[in-house]
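Novice: Dropping a prediction and its sequence here:
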Amino acid sequence: MLIGGVEAGGTKVVCGIGNEHGELLEHKVIATSNPTETLNAVFSFFAEHPIAALGLGWFGPLDLNPERSSYGRLTSTPKLAWQGFPLLDTFQARFPVPVGLDTDVNAAVLGEARWGAAKGLHTVAYLTVGTGIGGGLLVEGRRVHGSMHPEVGHLLVRRHPDDPFAGHCPYHQDCLEGLAAGPALAARWGTPAEHLPDDHPAWRLEAYYLAQAVVNLMLTVSPQRIILGGGVMKHTALYTDIRRQVQTLLGGYLQHPGVSEAALDPFITAPGLGDFAGVRGALALALDALRH
């Protein structure tokens, strides 16, 4: 049996074919552009593969409340061409199979809990830091939706006293995404994050802001693990710097073995599924849709 999965982010869409074990057998990367161009390429990929179910892990915001008439549509996404787009209806009209839908980061946290760095855990947070910042939450084994779904990237954080940058978010300016996403780094320093040297002061600020997000998640969600992925986290020294900043920000408040200095190494970690966390999570959405 073959199943399909799609992870759609701000700059690229990853389409995958997998099996009932969640193994990725084939994949293709497509640039994210307008709906017509992007979906034509996606549909072309899946036209060559007979799939029994399809999972969509898509950038948001999305309406994920099945009781609303706007269920399955994109809402106030900064990608203007996609605002209001009927995503779920479009795929269901094209593919007469069960279709599972969630945010790209909720898909990623599901994939990591099922097959990756959080396997066997029931309460996990996933934060991706790239073109934007997104957060997915799994609490007691269930993906969090509530009235909408988590939008961790727009948490309001304390500004570092040495940071005069106004921020890059079109909605809030200096929220987490506006200060720490890839475009914010490029706008603040005049060069993309991947070109910044290891000793650049950018990384100290980056760790400071991301550590605040981690602490906020620790104090609200109480996860068993926090996974940090995305292009900016390719600068792997950030993991050590973030753990150090988390200890400082907590100030000794949380007193249990899971957040000791030694425990923060596995607690704050990279995705076990690497760059395929999102698309493998989409395969998990497909499997769940097939079973229900």
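Specialist: Ah, there it is. Keep in mind the model is a prediction, meaning the values are calculated, not measured.

Novice: Helices of this protein, start to end?
Specialist: 35-47, 87-94, 104-115, 176-180, 182-189, 202-220, 237-250, 264-267, 277-291 (DSSP state H).

Novice: Alpha carbons only: can I get the fourth one in PDB?
Specialist: I take that to be helix 176-180. Output of helix 176-180 as PDB, limited to C-alpha atoms (Å, rounded to 0.1, in the frame of the first residue of the first chain):
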ATOM      1  CA  LEU A 176       9.600  36.000  18.000                       C
ATOM      2  CA  GLU A 177       9.300  35.500  14.200                       C
ATOM      3  CA  GLY A 178      10.000  39.200  13.600                       C
ATOM      4  CA  LEU A 179      13.200  39.000  15.600                       C
ATOM      5  CA  ALA A 180      14.600  35.500  15.000                       C
END
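
Novice: what separates that helix from the chain centre, distance-wise?
Specialist: 15 Å (C-alpha atoms, centre = their mean, to the nearest Å).

Novice: pLDDT on that helix, on average?
Specialist: What helix 176-180 shows for mean pLDDT is 98.

Novice: Nearest residue to the residue at minimal distance from the centre of the chain in space, ignoring adjacent ones along the chain?
Specialist: Nearest residue to the geometric centre of the chain (C-alpha atoms, centre = their mean): V105, 2.9 Å. Ranked by C-beta to C-beta, 6 or more residues apart in numbering and with sequence neighbours excluded, the top spatial neighbour of V105 is G136, at 3.4 Å. Yep, even glycine has a C-beta here, placed from its N, CA and C like the rest.

Novice: Likewise for G135?
Specialist: Nearest to G135 is V152, by C-beta to C-beta, 6+ apart, at 2.5 Å.

Novice: In contact with the one you found, which residues?
Specialist: By C-beta atoms under 8 Å, 6 or more residues apart in numbering, V152 lies in contact with 105, 125, 127, 133-135, 137, 176, 213, 217.

Novice: cool, and G60?
Specialist: 74-75, 77, 103-104, 134, 149, 151.

Novice: Equivalent analysis for H235, please.
Specialist: 193, 196, 198, 203, 206.

Novice: now do P271
Specialist: Counting by C-beta under 8 Å, 6+ apart, P271 touches 108, 112, 116-117, 126, 227, 229, 277.

Novice: where's it relative to L80, distance?
Specialist: 30 Å (C-beta to C-beta, to the nearest Å).

Novice: P197 too?
Specialist: From P197 over to L80 (counting by C-beta to C-beta), the distance is 35 Å.

Novice: tell me the domain ranges of this structure?
Specialist: 3-107+275-291, 119-270 (automatic domain parsing).

Novice: pLDDT of stretch 198-212, averaged?
Specialist: 97.

Novice: As PDB, could you dump the C-alpha coordinates of it?
Specialist: This file holds the C-alpha atoms of stretch 198-212, laid out as PDB (Å, rounded to 0.1, in the frame of the first residue of the first chain):
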ATOM      1  CA  ASP A 198      30.300  31.300  13.700                       C
ATOM      2  CA  ASP A 199      31.600  34.100  15.900                       C
ATOM      3  CA  HIS A 200      29.100  36.700  14.700                       C
ATOM      4  CA  PRO A 201      27.000  38.500  17.400                       C
ATOM      5  CA  ALA A 202      23.900  37.400  15.500                       C
ATOM      6  CA  TRP A 203      24.000  34.000  17.100                       C
ATOM      7  CA  ARG A 204      24.000  35.300  20.700                       C
ATOM      8  CA  LEU A 205      20.900  37.300  20.000                       C
ATOM      9  CA  GLU A 206      19.300  34.400  18.200                       C
ATOM     10  CA  ALA A 207      19.900  32.000  21.100                       C
ATOM     11  CA  TYR A 208      18.500  34.700  23.500                       C
ATOM     12  CA  TYR A 209      15.200  34.900  21.600                       C
ATOM     13  CA  LEU A 210      14.800  31.200  20.900                       C
ATOM     14  CA  ALA A 211      15.500  30.400  24.500                       C
ATOM     15  CA  GLN A 212      12.600  32.600  25.500                       C
END
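
Novice: Please state the offset of it from the chain centre?
Specialist: Using C-alpha atoms, centre = their mean, the offset of stretch 198-212 from its chain centre is 20 Å.
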